[in-house]
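Visitor: Structure for this input, please:
(one chain, ligands or ions: 1)
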Amino acid sequence: MSSNLTHEIDIVTVPVSKIDSVDFENLAFGSVFTDHMLVCDFREGQWHKPQIKPYEPFMIDPSAKVFHYGQAIFEGMKAYKTEQDEVWLFRPDQNLNRLNKSAVRMAMPEIPEDIFMSGLHQLINLERNWVKKGKGNTLYIRPFMIAIGSGVIAAPSTQYRFMIILSPAKSYYSGEVKVLIADHYSRAANGGIGAAKAAGNYSAQFYPTKLANDKGFQQVIWTDDATHTKLEEAGTMNVFFRINDTLYTAPISERILDGVTRKSLIALAQRDGIKVEERSVLVSELIEAAQNGSLKEIFGAGTAAVVNPISGFSYEEKFYEVPKQENSIALELKEKLTNIQYKLAEDTFGWTVKV
Ligand code: COI
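Guide: Just a heads-up that it's a prediction; the model follows:
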């Protein structure tokens, strides 16, 4: 990593850490935050000096554009600790690239690489005790940017706040994940903001996902908005389908998030001779595969969810179970990916970055 990690940051630390009050064995995802956060403001056309300060609420004007027009974007990343007490990041350059693509799409300013990388490294270094050892323990990293400029005129803000907050995390989902395939609601449309990690992409899913939850499904698998025939992605993850011995996942498009876990799994599969095709799978193909027994696995892939097997899906009120596999490619890829992330296997791709 060639970034300059020494960008000057003002640092104010807490007098006493709250770490001893945290039950690291029973963490609901994203509910506990570390002692400090990074804050960096954009005003008068430029980014100002970043600060690391105690994690605390802050005040912004009630007319701030984030509240009225949803100018808000975010990223999801993780830090991992080895048995030797080293802390590592996974492909942080990919998150910065995607954050800046999201920023452009939402008419927000891009974050300079040295602010992002220095802020990330210095904040995590300060909070390294919050990264626990052992596979499954991670520190979830949430960089985000909001429009803080005041005034309800419907135009981009001139003031923004970039922040990073950190949350110790285990798994996102507990228990099996069943999904409902969308046949009416849509997550994204061509020309829209589906490829951006914009807050509104997630809130727009809450209502249809709640309807799915009420029927006993944890997630919705979105289909293309025009025809609802092509399988695209799930609310919190990209999706892979294994039909016989080939993995299929939807190609990146204006409607699909360019997932870091997704592309890492594709690279791992290609390296190890697992057949993988980036092409749209039709809902009709999936149902046929489920009926004739060639559908072997469905799994989600994302930073928070890692690799999450999907045990069944429902389409037009009919449920199709995905049988458990003796030799699961999902679990094989998960093992390979997490071994790289925890430095238990050689990182031949150069994906890991030491803090
Ligand atoms: C992530 O996987 O990091 C995400 O951003 C998904 C989020 C909804 C938890």
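
Visitor: ok, now how distant is Ile13 from Leu139?
Guide: To be clear, residue 13 is Thr; Ile isn't right here. Going from Thr13 to Leu139 by C-beta to C-beta, to the nearest Å gives 17 Å. For every residue, glycine as well, the C-beta is placed using N, CA and C.

Visitor: quick one: which of those two has more around it?
Guide: Taking neighbours as other C-beta atoms under 10 Å, Thr13 and Leu139 compare with Leu139 leading, 23 against 12.

Visitor: List the beta-bridge partners for the more buried one.
Guide: Beta-bridge partners for Leu139, by DSSP bridges, are Ala79, Pro168.

Visitor: thinking it is in contact with Asn129, fair?
Guide: No. Taking C-beta atoms under 8 Å as the definition, Leu139 is not a contact partner of Asn129, at 10.1 Å.

Visitor: what's the nearest residue to Glu285 if we skip its chain neighbours?
Guide: Ile243 (7.6 Å; C-beta to C-beta, 6 or more residues apart in numbering).

Visitor: That neighbour: neighbour count?
Guide: Around Ile243 there are 20 other residues, counting by other C-beta under 10 Å.

Visitor: show me the contacts for it.
Guide: Ile243 makes contacts with 281, 285, 289, 294-296, as judged by C-beta atoms under 8 Å, 6 or more residues apart in numbering.

Visitor: can you put the residues you listed in a markdown table and add secondary structure and pLDDT?
Guide: Output for these, formatted as a markdown table (DSSP: H, G, I helix; E, B strand; the rest coil; pLDDT from 0 to 100):
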| residue | secondary structure | pLDDT |
| --- | --- | --- |
| Val281 | strand | 97 |
| Glu285 | helix | 97 |
| Ala289 | helix | 97 |
| Ser294 | coil | 97 |
| Leu295 | strand | 97 |
| Lys296 | strand | 97 |
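
Visitor: close enough to count as contact, Ile146 and Phe67?
Guide: No. Contact criterion C-beta under 8 Å: Ile146 and Phe67 do not qualify, at 9.2 Å.

Visitor: For these two, work out which one has more neighbours and name it.
Guide: A direct count of neighbours by other C-beta under 10 Å for Ile146 and Phe67 places Ile146 higher, at 22 against 17.

Visitor: looking at the sheet around Tyr315, what are its partners?
Guide: Counting by DSSP bridges, Tyr315 forms beta bridges with Lys318.

Visitor: That one and Val179 touch, don't they?
Guide: No. The criterion here is C-beta under 8 Å, and Tyr315 misses it with Val179 at 9.7 Å.

Visitor: Per-residue pLDDT of the residue lying closest to Gly191 once chain neighbours are set aside, please?
Guide: Counting by C-beta to C-beta, 6+ apart, Glu254 is the residue found nearest to Gly191 once chain neighbours are left out, at 6.4 Å. With respect to pLDDT, Glu254 scores 93.

Visitor: Please tell me how far Glu254 sits from the ligand.
Guide: According to C-beta to the nearest ligand atom, to the nearest Å, Glu254 stands 19 Å off from the ligand.

Visitor: Could you list which residues are in contact with that residue?
Guide: Taking C-beta under 8 Å, 6+ apart, we find Glu254 in contact with 188, 190-192, 194-195.

Visitor: Which residue is most remote from the mean position of this structure?
Guide: In the chain, counting by C-alpha atoms, centre = their mean, Asn292 sits farthest out from the average C-alpha position, at 33.5 Å.

Visitor: State the phi and psi torsions of that residue.
Guide: The phi and psi values for Asn292, taken as degrees, to the nearest 10, are phi -90, psi 0.

Visitor: What are the neighbouring residues in contact with it?
Guide: Applying C-beta under 8 Å, 6+ apart, we find Asn292 in contact with no residue.

Visitor: and the gap between it and Pro323?
Guide: 13 Å.

Visitor: For Tyr315 and Val179, indicate the residue with more neighbours.
Guide: Per other C-beta under 10 Å, whichever of Tyr315 and Val179 has more neighbours is Val179, with 23 against 19.

Visitor: That one reaches Ile221, doesn't it?
Guide: Yes. Using C-beta under 8 Å, Val179 makes contact with Ile221 at a distance of 4.9 Å.

Visitor: With that, I have no additional questions.
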